[in-house]
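[1] give the three-dimensional model of this entry:
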Amino acid sequence: MKRLLAQGNAVSEELFIVVVDDDEVVADALGTILECWGHRVAVSNGDTDFDPLIEQDSAKPDLIIADYNLGNGRTGVDLITRLRQHHGNPIAATLLTGDTASLPPVDPTILILLKPVEPATLKEVLGSLRP
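    Here you go, the predicted structure:
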């Protein structure tokens with residue numbers, strides 16, 4: 001785990017969101033936006049094995065936002081699969097990519113968003129998770 005962002009202002013609809021992107025600037029920016037919206041966010045730039053990320057927080061995430069290509073042959077799909085196995089299905093997941101042409105078929109329960117992702121799009125994704 002690169003770092004755990006401080007818990008945002010407590011809100012009644014706070015979500016626990018895991019954000020992983022191999023571009024540290026992108027990971028931090030997404031994490032900061034989500035934190036400002038009042039969510040608890042675990043951010044990683046994907047520079048390490050997934051185990052620390054999975055074991056860092058025993059709470060089951062409400063949402064995983066992961067870049068597709070995490071470097072070193074690792075993918076966001078791998079991370080999503082591991083987190084879902086660790087915590088039990090289902091966990092909502094969003095895969096970010098800059099290149100949908102080279103994206104292999106992905107589990108239909110994973111939402112795919114093209115980078116760069118606009119804040120309004122993130123809000124729509126979060127809104128879809130709320131009752």
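[2] avg pLDDT for stretch 94-105?
    Mean pLDDT, computed over stretch 94-105, is 87.
[3] ok, which stretches of the chain are strands?
    Assigned by DSSP state E, the chain shows strands spanning 3-4, 16-20, 40-44, 63-67, 69-71, 74-75, 92-97, 110-114.
[4] what is the burial count for the closest residue to Gly46 other than its chain neighbours?
    Once flanking residues are discounted, Gly46 sits nearest to Leu70: 3.9 Å by Cβ to Cβ, 6 or more residues apart in numbering. C-betas here are computed from N, CA, C, even on glycine. Leu70 has 22 neighbours, counted by other Cβ atoms under 10 Å.
[5] show me what contacts Leu70?
    Residues near Leu70 by Cβ atoms under 8 Å, 6 or more residues apart in numbering: Val20, Asp21, Asp22, Gly46, Gly76, Asp78, Leu79.
[6] so the second one sits against Thr97, correct?
    Pointing back at Asp21 there. No. At 10.6 Å, Asp21 does not count as touching Thr97 under the criterion of Cβ atoms under 8 Å.
[7] against Leu126, how distant is the residue located most distally from the centre of the chain?
    Here the chain reaches farthest from its C-alpha mean at Ala101, the gap being 21.4 Å by Cα atoms, centre = their mean. For Ala101, the distance to Leu126 equals 28 Å [Cβ to Cβ, to the nearest Å].
[8] what of Leu103?
    To Leu126, Leu103 is 23 Å away according to Cβ to Cβ.
[9] can you check Gly73 too?
    30 Å.
[10] now stretch 37-50: mean pLDDT?
    81.
[11] tell me the buried residues in that stretch?
    Neighbour-count burial for stretch 37-50 flags Trp37, His39, Arg40, Val41, Ala42, Val43, Ser44, Asn45, Gly46, Phe50 (criterion: 16 or more other Cβ atoms under 10 Å).
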